[in-house]
Structure formats: structure tokens, C-alpha cells
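With the input below, show me the fold.
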Amino acid sequence: MSGLLRGARRVSEVWWKISRPIVIGVQGLVVDKDGQVMLVKHTYVPGWHFPGGGVGKGETLPQALTRELAEEVGVRPVDEPKLVSTYTAFQHGRTNHIVLFRIDTYDRWAVRSREIAHSGFYHPLSPPSD
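Model (predicted):
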């Protein structure tokens, strides 16, 4: 990693610690008719995750979930998403609150996102190996 990139990353980390010490995010547990769950692989962080993202200023949790699902994976809930649980993580000087919703009925279309390297449905007991 170049010195310039390391410096930019450090500035970004300091900015986050000062300006957004509490982050609220939403994730969707999108379940298909066979009971498989949608997982996404981001371009900027390792591993597989449920689709979702941050709640913007002036957005409700359902509005943020609907926006993130549409942007990332081309999913629009047909019925009201069901609240599953909330989770909290403390990392990099931030407090992250993640609200997980389950979506069983949805419309889906093809979408390309710079954030998502791959998405797909996987059996809960057989997630991707990586």
C-alpha cells in the first residue's frame, strides 16, 4: 500500500471517529422460496454478508432498507419487512447498530453495483466457502 493511500486511510479513520461515532445500518435477510438466503460479497471488505447499508439522514429504517436492497441487489420488498433483531458492534472507534429485517416476498431485477462483487442465494447450512 502506498504512503499516500495509508495517509488517506488514516485521515478517513480520524474523520469517522470525530464525525460519526454512532452508525446505524440495516440489513436484509432475503429468503427465497426454497429457504435459501441472499448473501453479497462486497468489493471493499472481505467475506459474505446480508445486503444492506447505512441509514441516511432523514431516512427511516424501512426506507433505508428498501433503498439499499434496490441499489445493491435489485430487490424490492412486496410486504412489510419483518424485524428480526438488532446487533451492536464496537470497532474502529465507532458504535455500529445493525437492524436486521427478514424479507420473504419481493420483486427482483438485474442490477450492477460498484459495491457488490457477487450476490447469490445459499443454503443457511452451506454458505460460500470463502
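
what is the residue nearest in space to the middle of the chain paired to in the beta sheet?
Centroid check for the chain by Cα atoms, centre = their mean gives Gly52 as the closest residue, at 2.6 Å. Per DSSP bridges, the residues bridged to Gly52 are Gln27.

for Val31, same thing?
Val37.

going forward, begin numbering at 14 instead of 1
All set: I'll call the first residue 14, so the last point we hit is now Val44.

Tell me how many other residues crowd Gly69.
11 (other Cβ atoms under 10 Å). C-beta: built from backbone N, CA, C; applies to glycine.

OK, contacts around the closest residue to it other than its chain neighbours?
Leaving aside its sequence neighbours, Gly69 sits nearest to Ala77 (Cβ to Cβ, 6 or more residues apart in numbering; 6.3 Å). Residues near Ala77 by Cβ atoms under 8 Å, 6 or more residues apart in numbering: 38-39, 66-69.

in what helix or strand does Ala77 lie?
Under the criterion of DSSP states H and E, Ala77 resides in helix 74-86.

So for the helix or strand following that helix, what gets flagged as buried?
For helix 74-86, the following helix or strand on the C-terminal side (DSSP H and E) is strand 88-90. Buried residues in strand 88-90, defined by neighbour count with 16 or more other Cβ atoms under 10 Å: 88, 90.

Going by contacts, tell me the helices and strands next to strand 88-90.
On a contact count with 3 or more Cβ pairs under 8 Å, 6 or more residues apart in numbering; DSSP states H and E, strand 88-90 meets strand 35-43, helix 74-86, strand 119-121.

And it, how far out from the chain middle?
A distance of 14 Å separates the centroid of the chain from that of strand 88-90, by Cα atoms, centre = their mean, to the nearest Å.

residue contacts, the residue lying closest to Leu96 once chain neighbours are set aside?
Spatial nearest neighbour of Leu96, chain neighbours left out: Phe114 (5.9 Å); criterion: Cβ to Cβ, 6+ apart. Phe114 makes contacts with 39-42, 74-75, 78, 94-97, as judged by Cβ under 8 Å, 6+ apart.

who's Phe114 bridged to?
Here Phe114, judged by DSSP bridges, has bridge partners Gly41, Leu96.
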